[in-house]
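Asks: can't give you the sequence, but here's the structure:
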């Protein structure tokens, strides 16, 4: 008998083993569902409780409000105030600013590195670059945040003469560092997955390596690159520790990238631990959490859909 | 066999006695260092007592007291009416005692030529009506505001006392902890920050004037104790009911001349002697 042949000792053991594995798979789903239910339950009073709506109805969360007689209507996040102000617009703007800078920083670097590694690097160089960039994903975000707070912010301020040391650009670049490995890994995988037969056919028709890379491999792998970008964007939206430390946490409604920002995720992290249990502020923070949950869910779903389509395109069938 | 049973019984009993003498202290980050120092020295003198001190902010400590998860709550502010009401509704008999004093210092960068500031100017700066250093006698440059997260007792106190409850300017960058504020101002030539006087090296302390005509007072121990420094406050311990047993012993020791001397050594401001004596639980 071949020693590699798998032969279960008994049917019952096999069945038991299968069930245990199945349970662990379903546990993960149940846990996510429970988290989902819990977050939404705590956010519900915004829609149902009149007392909460008095301070934080949907229109108060998203539309400009005139908080004091004779003042201009504006968006403002000031939860601890005589007149609590719960506008989410400054937080949305902060989140998008940081994510935008992160993507502008990470897409060229991540995709560029992926093209080089998949198409041009020698095998030895690839063996060094790929694990190194993937190791970057393992850096705890608090370390990246601390680096941005102490080193990067000072360097950027010296370089560009920023008024505010901690700003959207500083936070965005630090976020970008966290996003690069996601884009790189998916893009690189997509490009190496392009079938060898396609490349060989192109070469046989007289195409040089550049033509093969940019007119054949890159377009074929485009969905994979897009998925990397989409999933990276999801990470940039949800990432907390880096922005908490590097962004200055000022809820400003402006178009300038050199202002400080306050993101949705950092707001939850900074305020939830101390908020009065069951207050409108508490419900609003959970609502913000629910929004982040929905956004990242949609973004990740989008990313996965693109990846599935890529597989169909490259192999003519779904891999199952 | 019998011996084993007896021995394990003794261990169980000893364990429960041990558990009875565990005191948890939770709350204000401002009071954290003093609370830890008090706990260390007290535990050295009373090896049977275990005191666990943690921070998180006055709000966290108060919430913990109301939820019954801490014995002593440290707070750098009084409880709000809402919190008193919540406590009453939960059947908690809130007992408040001042254990030390603290002044809120205003920090400038060491390179900043501005030395003194009035309370009115401070209010203007932090509410956003004064935005340039030249309006308070400095160079022409935007004032960069640093403050604390809105869960901090220092945030609430500064807002109530200096800002007269107006909102902070939205440009205020909020940082976790006074140490982070000091660090930021030390790095930022045009920064301004606030925090306990117990912290802070590498920055310049502003002399604060109550109004245009009053003298500028630097935040020092003496000026806080005698009440001439305008931005000072009491730091509290809250307990559920009048302290008894070990908690009472710990509290009275903290208020004793020995405990208050430790406060001074840890860069806090001791209570005036008559106030400390009056606060001792009978």
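Replies: Received it, and whenever you're ready, just let me know what you need. It should be emphasised that the depicted structure is a prediction, and the values quoted were computed from it without experimental measurement.
Asks: My guess is residue B:261 contacts residue B:268. True?
Replies: No: if you go by Cβ atoms under 8 Å, residue B:261 and residue B:268 don't touch, sitting 10.8 Å apart. From N, CA and C alone the C-beta is placed, and that goes for glycine too.
Asks: Of the two, which one has the most company?
Replies: residue B:268 (26 against 11; other Cβ atoms under 10 Å in any protein chain shown).
Asks: Look at that one and report its pLDDT.
Replies: On pLDDT, residue B:268 comes in at 82.
Asks: Identify the residues contacting it.
Replies: Counting by Cβ atoms under 8 Å, 6 or more residues apart in numbering or on different chains, residue B:268 touches B:34, B:100, B:101, B:102, B:198, B:235.
Asks: go with 10 Å
Replies: B:30-31, B:33-34, B:37, B:99-103, B:196-198, B:221, B:224, B:235, B:260, B:262 (Cβ atoms under 10 Å, 6 or more residues apart in numbering or on different chains).
Asks: any chance you could map the strands in chain A?
Replies: Ranges of strands in chain A, per DSSP state E, are A:77-78, A:85-86.
Asks: So what does the residue of the stretch 151-282 of chain B found nearest chain A look like in phi/psi?
Replies: Per Cβ to the nearest Cβ, residue B:151 is where the stretch 151-282 of chain B lies closest to chain A, at 3.1 Å. The phi/psi pair for residue B:151 (degrees, to the nearest 10) reads phi -90, psi -10.
Asks: dump the residue contacts of it.
Replies: Applying Cβ under 10 Å, 6+ apart to residue B:151 gives the contacts A:80, A:270-275, B:29, B:56-60, B:174, B:176.
Asks: ok, now residue B:264?
Replies: B:100, B:221, B:225, B:270.
Asks: ok, so what distance separates it from residue B:100?
Replies: 9 Å (Cβ to Cβ, to the nearest Å).
Asks: Overlap in contacts, those two.
Replies: Residues touching both residue B:264 and residue B:100 (Cβ under 10 Å, 6+ apart) are residue B:270.
Asks: List just the one of the strands of chain A that sits closest to chain B.
Replies: Closest to chain B of these is strand A:77-78 (Cβ to the nearest Cβ; 4.7 Å).
Asks: Going by contacts, tell me the helices and strands next to that closest one.
Replies: Contacts defined by 3 or more Cβ pairs under 10 Å, 6 or more residues apart in numbering or on different chains; DSSP states H and E place strand A:77-78 against strand A:85-86, helix A:89-115.
Asks: just how off-centre is stretch A:257-275 within its chain?
Replies: 16 Å (Cα atoms, centre = their mean, to the nearest Å).
Asks: swap in stretch B:197-208?
Replies: 16 Å.
Asks: In the stretch 101-250 of chain A, what residue comes closest to chain B?
Replies: Proximity of the stretch 101-250 of chain A to chain B (Cβ to the nearest Cβ) peaks at residue A:248, 3.9 Å away.
Asks: could you measure that residue against residue A:206, distance?
Replies: 56 Å.
Asks: Out of the contacts of residue B:268, which sit inside helices?
Replies: Counting by DSSP state H, the contacts of residue B:268 place B:30, B:31, B:33, B:34, B:37, B:221, B:224, B:260, B:262 in helices.
Asks: So which of the residues you listed reach chain A?
Replies: When Cβ under 10 Å from any Cβ of the partner chain is applied, no member of those is adjacent to chain A.
Asks: Which members of these define the maximum pairwise distance?
Replies: Pairwise distances across these peak at 18.5 Å for B:37 and B:224 (criterion: Cβ to Cβ).
Asks: which residues of chain B score low on pLDDT?
Replies: Residues of chain B meeting the criterion pLDDT under 70: B:1-20, B:198-200.
Asks: can you give me the helices for it?
Replies: Under DSSP H, chain B gives helices at B:2-20, B:29-45, B:58-66, B:81-89, B:119-127, B:153-161, B:178-187, B:221-225, B:245-255, B:257-265, B:273-279.
Asks: which ones are touching residue A:245?
Replies: By Cβ under 10 Å, 6+ apart, the neighbours of residue A:245 are A:141-142, A:144-150, A:153, A:166, A:171, A:174, A:266, B:175-176, B:180.
Asks: The closest residue to residue A:216 other than its chain neighbours: how many residues sit nearby?
Replies: Ranked by Cβ to Cβ, 6 or more residues apart in numbering or on different chains and with sequence neighbours excluded, the top spatial neighbour of residue A:216 is residue A:202, at 5.1 Å. By other Cβ under 10 Å, the residues close to residue A:202 number 18.
Asks: again with residue A:236
Replies: Neighbours around residue A:236, by other Cβ under 10 Å: 28.
Asks: With the flanking residues excluded, which residue is spatially nearest to residue 238?
Replies: The chain I'm using is chain A. Per Cβ to Cβ, 6+ apart, closest to residue A:238 is residue A:296, 4.9 Å.
Asks: try chain B instead
Replies: residue B:73 (4.2 Å).
Asks: so what's that neighbour bridging to?
Replies: Per DSSP bridges, the residues bridged to residue B:73 are residue B:26, residue B:238.
Asks: wait, what's in contact with it?
Replies: Contacts of residue B:73 (Cβ under 10 Å, 6+ apart): B:24-28, B:31, B:58, B:60-66, B:79, B:94, B:96, B:236-240.
Asks: hmm, which of these are the buried ones?
Replies: Buried by 16 or more other Cβ atoms under 10 Å in any protein chain shown: B:25-28, B:31, B:58, B:60-66, B:79, B:94, B:236-240, out of these.
Asks: Quickly compare the helices of chain B and say which is most buried.
Replies: The highest average neighbour count among those, using mean count of other Cβ atoms under 10 Å in any protein chain shown, belongs to helix B:58-66 at a mean of 26.
Asks: from the stretch 1-150 of chain B, which residue is nearest to chain A?
Replies: residue B:59 (3.8 Å).
Asks: Verify the stated contact: that residue with residue B:75.
Replies: Yes: taking contacts as Cβ atoms under 10 Å, residue B:59 lies within contact range of residue B:75: 8.5 Å.
Asks: Please enumerate the shared neighbours of those two.
Replies: Jointly contacting residue B:59 and residue B:75 under the rule Cβ under 10 Å, 6+ apart are B:27, B:28, B:83, B:153.
Asks: Tell me which two of those residues sit farthest apart.
Replies: B:28 and B:83 (14.0 Å).
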